[in-house]
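Colleague: take a look and give me a structure for this.
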Amino acid sequence: MINTTENTLYQIMQFVQEQHRLGNPLTSDIINPFLNRMLTVRMVPKDGYITTVHTPIKKVYYVMSGSFSMIRSSVDGKNTIRIQKAPTFLGVDFTVLSLTGYFADNLALEDCLVLDIDQKYFLESVKQNGEMCYEVLYSICSKFFQTSFRYDHTLFYDPCTKLMIYIMDHWITNHRQQTKYMIAVPNTRIADEIGVSIRTYYRAVGKLKTDHFISIAAGNICVTYEQIQQIRSYLQNAKAVTALPAFLENSTLM
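Modeller: Numbering: from 1, shown residues only. As a prediction, the model looks like this:
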């Protein structure tokens with residue numbers, strides 16, 4: 001049994017980061033030896049909710065594996081979606097500010113292993129461990145930067161440019177050396193992610209298809225390596241920022 005001291009939470013963070021670096025899967029059984037009465041672990045299945053707007057804020061959540069959508073909905077049914085990948089924290093800001101309710105539904109896009117942390121225990125751990133405090137600050141600052149980055153895209157770029165940025169970033173992350181790549185993501189989700197209505201999204205798709213930047217197969221966007229180079233050239237000429245800076249991909253623990 002691993003000692004459950006004020007360093008326990010930081011030990012879990014170190015262990016999770018290391019497993020991500022090595023590409024090893026995480027399971028409840030692996031995390032259980034770290035746990036104490038202030039820490040519990042659960043598996044949230046794909047399409048399940050890590051938290052919802054109705055979840056009382058009594059915990060801080062450390063999503064250790066998987067990815068999820070942070071979905072905010074307006075009264076008239078419009079959505080904004082931001083994709084988050086593990087490992088990351090949820091609820092730190094609400095805990096520090098003593099807020100009483102979440103503003104978003106956090107929907108698992110794949111199975112997510114989640115550590116539920118008692119709020120007071122979390123704050124005490126941060127106070128007593130400077131390295132953990134730095135890591136938590138890093139997580140919060142990266143989220144702030146991503147929010148600013150998304151806002152800049154919404155403000156500065158037209159729908160076609162936003163869609164090309166999305167295609168480029170998706171290609172960089174997922175193509176795995178394929179010469180032709182299909183983005184198997186629902187059109188409504190892409191529209192939400194780039195911050196446009198579905199009608200505006202389809203107009204942008206039609207324009208990019210007419211200009212031979214993309215093709216469509218089975219309702220999904222497809223790009224070849226040559227088309228990606230054309231998109232890259234267009235974005236460079238337009239001075240459009242594509243991917244987030246590389247430093248956000250690497251935690252200090254890694």
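
Colleague: quick one: Met43 and Gly66, what's the gap?
Modeller: Separation of Met43 from Gly66 (CB to CB, to the nearest Å): 9 Å. For glycine as for every other residue, the C-beta is placed from the backbone atoms N, C-alpha and C.

Colleague: overlap in contacts, the two.
Modeller: Taking CB atoms under 8 Å, 6 or more residues apart in numbering as the criterion, Met43 and Gly66 both touch Asp111, Cys112, Leu113.

Colleague: can you turn the buried part of those residues into a PyMOL selection?
Modeller: Buried residues among the shared contacts of Met43 and Gly66 (16 or more other CB atoms under 10 Å), as a PyMOL selection:
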select buried, resi 112+113
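
Colleague: of the shared contacts of Met43 and Gly66, closest to Arg189?
Modeller: Proximity of those to Arg189 (CB to CB) peaks at Cys112, which lies at 17.4 Å.

Colleague: verify the stated contact: that closest one with Tyr61.
Modeller: No. Contact between Cys112 and Tyr61 fails when scored by CB atoms under 8 Å: they sit 9.7 Å apart.

Colleague: now for these two: what residues contact both?
Modeller: Shared contacts of Cys112 and Tyr61, defined by CB under 8 Å, 6+ apart, comprise Ile50.

Colleague: would you state the helices of the stretch 51-200 of the chain in chain order?
Modeller: Taking DSSP state H, counting those that start in this stretch, the helices of the stretch 51-200 of the chain run over residues 92-97, 119-128, 130-156, 159-174, 187-194, 198-210.

Colleague: buried residues in the third one?
Modeller: By that I understand helix 130-156. Buried residues in helix 130-156 (16+ other CB under 10 Å): Met132, Glu135, Val136, Ser139, Ser142, Lys143, Arg150, His153.

Colleague: next one: the first one
Modeller: For helix 92-97, a neighbour-count test (16+ other CB under 10 Å) marks Val92, Phe94, Thr95 as buried.

Colleague: send the alpha carbons of that helix over as PDB?
Modeller: Extracted in PDB, the C-alpha atoms of helix 92-97 (Å, rounded to 0.1, in the frame of the first residue of the first chain):
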ATOM      1  CA  VAL A  92     -10.600  23.600  -9.600                       C
ATOM      2  CA  ASP A  93     -11.900  27.100 -10.400                       C
ATOM      3  CA  PHE A  94     -15.300  26.300  -8.900                       C
ATOM      4  CA  THR A  95     -13.600  25.000  -5.700                       C
ATOM      5  CA  VAL A  96     -11.400  28.100  -5.200                       C
ATOM      6  CA  LEU A  97     -14.100  30.500  -6.000                       C
END
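
Colleague: show me how far it is from its chain's centre.
Modeller: Mean-position distance between helix 92-97 and its chain equals 19 Å (CA atoms, centre = their mean, to the nearest Å).

Colleague: that one - contacts with which helices or strands?
Modeller: In terms of contacts (3 or more CB pairs under 8 Å, 6 or more residues apart in numbering; DSSP states H and E), helix 92-97 is packed against helix 119-128, helix 130-156.

Colleague: ok, and what's touching that helix?
Modeller: Ile57, Val60, Leu99, Tyr102, Gln119, Phe122, Leu123, Val136, Ser139, Ile140.

Colleague: buried subset of those?
Modeller: If you count burial by 16+ other CB under 10 Å, the buried members of the contacts of helix 92-97 come out as Ile57, Val60, Tyr102, Gln119, Phe122, Val136, Ser139.

Colleague: lowest-confidence one in those residues?
Modeller: Ranked by pLDDT, those bottom out at Tyr102, which scores 59.

Colleague: who touches the host helix or strand of Met43?
Modeller: Using DSSP states H and E, Met43 falls within strand 39-44. Contact partners of strand 39-44, identified using CB under 8 Å, 6+ apart, comprise 8-9, 12, 28, 31-32, 35, 50, 66, 108, 111-118, 121.
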